[in-house]
Structures are given as structure tokens and as C-alpha cells.
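Visitor: Show me how the following folds:
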Amino acid sequence: MHDGPYTFVAADALTMKVREAGRVVKVAVMVATGVNADGYREVLGIHTATTESSAGWLSFFRDLTARGLSGVAMVTSDAHAGLVEAIGATLPNASWQRCRTHYAANLMSVTPKSQ
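Guide: Below you'll find the model as predicted:
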């Protein structure tokens, strides 16, 4: 991570299959990207956990702040409760906004196809 501040941060996770101890298991890969002072996006960190849990997100954001993540004004993400809690616990001055892409996808999943 370069020197901040990173005014805007986006966080998300995806599930991937990996080989572990001779078998294939699913893991959550958590990714945070930030917009640097020059306006460019950078990957701030990647973290893996057995599931996308509150503890996993809290550990990830604690690591990011320990490595110097600062000056964050807004974080966008999906509405995973553990993620939102981790943001509040580690970046108390940052506001949170639900990612528009996730919002639209969630809305489309409950909207009848005829509409």
C-alpha cells in the first residue's frame, strides 16, 4: 500500500475454489480497492477466509488500518452486515454506502422478469 490518504474505498468478496490439504474447498476472497491522491485505483489488500464472516472482515480491515489505511471518507460495498460493522469499527470517520451494482443486482433478483 502506498501512502494515503485513500478518500474512497470499495470492498467486496467472491467465493473461489482452492486446493487445500489435497482437497478442493471454497474460500472467501476479500478485496479492498482505494482511490489514491492522484485519482487512480489501487488494490489495497486481499484477504482469504473460510467464509465471508464478520470476523474475517474485521481481521481484514484491522490489517489494512495497521498497514496505514487512512483518510477514508467513504466506503462502498454490498450490505453484508459483518462488512458494514467492520468498516464502522476500524474506520469510524468514514461513511458507508451500498454499492449501486449490488443494489441493482439484488433488486433485479426479486423483480419478476415480465417487469
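Visitor: Give me the buried positions along the helix or strand containing residue 61.
Guide: Take DSSP states H and E as the rule and residue 61 turns out to sit in helix 54-66. Neighbour counts over helix 54-66 (16 or more other Cβ atoms under 10 Å) mark 54, 56, 57, 58, 60, 61, 64 as buried. Where C-beta positions appear, they are placed from N, C-alpha and C, glycine not excepted.
Visitor: possible to save the residues you listed as TSV with distance to residue 48 and pLDDT?
Guide: Shown next, in TSV, are the buried residues of helix 54-66 (distance: Cβ to Cβ, whole Å; pLDDT from 0 to 100):
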residue	distance to residue 48	pLDDT
54	16	92
56	8	94
57	12	95
58	15	95
60	9	96
61	15	96
64	14	96
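Visitor: Show the subsequent helix or strand relative to the helix holding residue 61.
Guide: strand 74-77.
Visitor: Next, the buried residues of that next one.
Guide: Going by neighbour count (16+ other Cβ under 10 Å), the buried part of strand 74-77 is 75, 76, 77.
Visitor: what's next to that strand, contact-wise?
Guide: Applying Cβ atoms under 8 Å, 6 or more residues apart in numbering, the external contacts of strand 74-77 come out as 7-12, 83-84, 87, 91, 94-99, 102.
Visitor: Direction included, what does it pair against?
Guide: Sheet pairing of strand 74-77 (DSSP bridges) gives strand 8-20 (parallel), strand 95-98 (parallel).
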